[in-house]
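Q: Sequence plus predicted model, see below.
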Amino acid sequence: MTPQTTVSLHPYFKPHDGKLAEFIAKMPAFVERTRSEEGVLFYDFTVCGDIIFCREAYVGAEGALLHLDNVGDLLGEALGIAELVRLEVHGAATELDKMREALKDLPVQWFILETCLQK
């Protein structure tokens, strides 16, 4: 894994009125489902007021797409009680290009890697 192959997803959710606690209660199911994925680098949720952010990164576009397939049913449930207000996808252009078709119906902002620090 290198910075050039890492893909990170940055979805921001806003639960519908009165649904914040219900959304938060669903978060452990996402984490547990994701735990078995080989391509996950990190995966967690943070909350700021009524906005929920999922901080996640994967080994390449393949890892990210496998994750989305793995949690698709859970995501469908979550989107029944929340709005996806923003979705950023960060990575190298070659990796992002592999994801464009699969995410074409979502409000994606594509952030293309220009520079990176390697240790």
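A: Done, it's in.
Q: Report the mean confidence score over stretch 111-119.
A: Taken as a whole, stretch 111-119 has a mean pLDDT of 83.
Q: hmm, who's touching it?
A: 2-4, 88-93, 96 (CB atoms under 8 Å, 6 or more residues apart in numbering). From N, CA and C alone the C-beta is placed, and that goes for glycine too.
Q: In helices only, show me the residues you listed.
A: When DSSP state H defines the helices, the subset of these inside them is 93, 96.
Q: out of the contacts of stretch 111-119, who has the most neighbours?
A: When neighbours are counted by other CB atoms under 10 Å, Gly91 leads the contacts of stretch 111-119 with 26 neighbours.
Q: Tell me which two of the contacts of stretch 111-119 sit farthest apart.
A: Thr2 and Glu88 (20.2 Å; CB to CB).
Q: Buried ones in the biggest helix by length in the chain, by neighbour count?
A: Using DSSP H to define each element, the chain has its longest helix at helix 20-34. Residues of helix 20-34 classed as buried: 20, 23, 26-27, 30, 34 (neighbour count, 16 or more other CB atoms under 10 Å).
Q: Need the contacts of stretch 111-119 in a markdown table (columns: distance to Tyr58 and pLDDT).
A: Formatted as a markdown table, the contacts of stretch 111-119 follow (distance: CB to CB, whole Å; pLDDT from 0 to 100):
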| residue | distance to Tyr58 | pLDDT |
| --- | --- | --- |
| Thr2 | 13 | 68 |
| Pro3 | 13 | 63 |
| Gln4 | 13 | 79 |
| Glu88 | 14 | 98 |
| Val89 | 10 | 98 |
| His90 | 11 | 97 |
| Gly91 | 9 | 96 |
| Ala92 | 13 | 95 |
| Ala93 | 16 | 96 |
| Leu96 | 12 | 97 |
